[in-house]
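[1] predicted coordinates and the sequence they were generated for:
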Amino acid sequence: MDMQPKGQFEAKVSFNKKVGDKFYRLGLQFTGAGAEAFGGTRPGQFAQFDVSNVALPAPEAIPEELKDAAARQILLRRPFSFARVVRDRGITTVEVVYCVLGPATLRMTTLTKGSSISVIGPLGNGFSIPQGKKKALLVAGGTGSPPLEHLAQALTAESPTIDAIAFAGAKTANELPFEKRLDSISRELGFWLGEFGRYSIGSFVATDDGSAGFKGTVTDCLLDWLSQNSPKPDETIIYACGPRPMLASVAKVAADKRIDCQVSMEEMMACGIGLCQSCAIKCKSQTGGEVYKLCCKDGPVFDAKELLFVQG
Ligand code: FES
């Protein structure tokens, strides 16, 4: 039975900084019962934020492509996973990376230190770390990197004998949601991103246009690494988060190489607690047929073998 505490809590903003053209990193602090609940967050779990009362930026600060959408009322909470969770003397700070894509995330850019929002969580299941694994390959596509950053933190703290490597891909260098690109010497040693380097975890970057790192998709980058390193399949696990076509291609690589694979799905989630059915995902049933599972309640992390990916 799930005994993890969860609930609705007020979170105080501790920082909200821009980390690229469209990305922000937001720090939220919880005290009391909220600190207890969020201090136990597993990588891949998420929370639902209420930003309906957060102010819009000044009209001149609203990007042209969001001007029409900006005025829309925010009726539903928005789901976010975490990039890092730190407990310190009764306070839990969670860090969230978000991309400014619509009216809710546009409002979030105006959050300043000391302001507060209502957060429900932690929700969902999170990644698991099976016994017997020695190598973990963390594969992030686009904005799918936060739960893998959080997983890097958990692997370092809980399973230091597992050797982890991260792969992060995007269309162009500007669309990589990371703040800390490392210098050329670090890159030659296989450490491109400071967000993983802080845990002594090596990382590779892939961009479709070749503007940073490997030229090609993050799945091609992973395949390239696998062909050069040939890790033992039964001692290896792949963790992935990103857009659905990318997850489908990573799942296929894992199946072809007989490597276990867990994927975190990015679905629209209206309620986040299994009531509205807006996040149903087609899965394989135990008898080989089809069954729908809820991303918010049964996931967002699934064994890749369970999922019937719809391509295109
Ligand atoms: Fe409502 Fe999953 S988001 S059931």
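    Received it, and whenever you're ready, just let me know what you need.
[2] the ligand contacts on the chain?
    269-272, 274-279, 294-296 (C-beta under 6 Å from any ligand atom). Placement of C-beta: from N, CA and C, glycine included.
[3] so which of those are in strands?
    Using DSSP state E, the subset of the residues of the chain next to the ligand located in strands is residue 294.
[4] most neighbours among the residues of the chain next to the ligand, please name it.
    Among the residues of the chain next to the ligand, the one with the most neighbours (other C-beta atoms under 10 Å) is residue 296, at 27 neighbours.
[5] so it sits right up against residue 121, yeah?
    No - using C-beta atoms under 8 Å, residue 296 makes no contact with residue 121, being 10.8 Å away.
[6] which residues are in contact with each of the two?
    Shared contacts of residue 296 and residue 121 (C-beta atoms under 8 Å, 6 or more residues apart in numbering): residue 272.
[7] what does the worst-scoring helix or strand of the chain on mean pLDDT rub up against?
    Across the helices and strands of the chain, mean confidence by mean pLDDT, DSSP states H and E is lowest for helix 184-188: a mean of 74. The set of residues external to helix 184-188 that reach it, using C-beta under 8 Å, 6+ apart, is 192, 197.
[8] could I get it in CSV with only the CA atoms?
    Extracted in CSV, the C-alpha atoms of helix 184-188 (Å, rounded to 0.1, in the frame of the first residue of the first chain):
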residue,chain,number,x,y,z
SER,A,184,36.1,22.0,-23.7
ILE,A,185,38.5,20.1,-21.4
SER,A,186,35.5,18.7,-19.5
ARG,A,187,33.7,17.9,-22.7
GLU,A,188,36.7,15.9,-24.0
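[9] figure out how far it is from the centre of its chain.
    Taking C-alpha atoms, centre = their mean, to the nearest Å, one finds helix 184-188 lying 25 Å from the centre of the chain it belongs to.
[10] continuing past it, what's the next helix or strand?
    Sequence-wise, the next helix or strand downstream of helix 184-188 (DSSP states H and E) is helix 194-197.
[11] who touches the one residue in the stretch 1-150 of the chain that gets nearest to the ligand in this structure?
    Relative to the ligand, the nearest point of the stretch 1-150 of the chain is residue 79 (7.9 Å; C-beta to the nearest ligand atom). Residue 79 sits next to 46-49, 123, 269, 272, 296 when contact means C-beta under 8 Å, 6+ apart.
[12] I figured residue 76 hits residue 268, correct?
    No - the pair residue 76 / residue 268 is not scored as a contact, 9.2 Å apart, by C-beta under 8 Å.
[13] which one's more surrounded, those two?
    The neighbour comparison of residue 76 against residue 268 (other C-beta under 10 Å) goes to residue 76, with 17 against 10.
[14] phi, psi of the more buried one?
    Main-chain dihedrals, residue 76, degrees, to the nearest 10: phi -110, psi 150.
[15] excluding covalently adjacent residues, which one is nearest to it?
    Excluding the flanking residues, the one nearest residue 76 by C-beta to C-beta, 6 or more residues apart in numbering is residue 270, at 5.2 Å.
[16] where does pLDDT dip in the protein?
    Residue ranges of the chain with pLDDT under 70: 1-2, 180-182, 310-312.
[17] list the buried residues for the longest strand anywhere in the chain?
    In the chain, with assignment by DSSP E, the single longest strand is strand 7-18. The neighbour-count check on strand 7-18 (16 or more other C-beta atoms under 10 Å) flags 9, 11-13, 16 as buried.
[18] can you check stretch 211-222 too?
    Applying 16+ other C-beta under 10 Å to stretch 211-222 flags 212-214, 216-222 as buried.
[19] residue 285 and residue 195: what is the separation?
    For residue 285, the distance to residue 195 equals 38 Å [C-beta to C-beta, to the nearest Å].
[20] neighbour-wise, which of the two wins?
    The neighbour count for residue 285 versus residue 195, taken as other C-beta under 10 Å, is higher for residue 195 (29 against 11).
[21] quick one: strands adjacent to the longest strand of the chain?
    On the basis of DSSP bridges, the sheet neighbours of strand 7-18 come out as strand 23-30 (antiparallel), strand 116-123 (antiparallel).
[22] all set, thanks.
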